[in-house]
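In: the sequence isn't on hand, but the structure is:
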């Protein structure tokens, strides 16, 4: 599932300069049902199209 604005060019500030990048999808498994879902690099969250579980970017990081 694509989030709104996922294909737009984005700008970030880095070391006093502006850098342009294009978001890309990262495929992760839904923690509830295991179905692969897209989480775009420009999004904070997405939902599983199969079970509706909302997955946040911070949940995909292993500490």
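Out: That came in fine, so what should we check first? Here the structure is a predicted model, which is why all the values come from computation and not from measurement. Residues are numbered from 1 along each chain as shown.

In: how close does residue 25 get to residue 45?
Out: Separation of residue 25 from residue 45 (Cβ to Cβ, to the nearest Å): 14 Å. Every C-beta, even on glycine, is put in place using the N, C-alpha and C of the backbone.

In: more neighbours: which of the two?
Out: More crowded of residue 25 and residue 45, by other Cβ atoms under 10 Å: residue 25, with 17 against 12.

In: give me every residue that touches the closest residue in space to residue 47 that isn't next to it in sequence.
Out: Of all residues not flanking residue 47 in the chain, residue 54 sits nearest, at 4.9 Å (Cβ to Cβ, 6 or more residues apart in numbering). Applying Cβ atoms under 8 Å, 6 or more residues apart in numbering, we find residue 54 in contact with 45-48.

In: give me the low-pLDDT residue ranges for the protein?
Out: 1-14, 19-20, 59-63 (pLDDT under 70).
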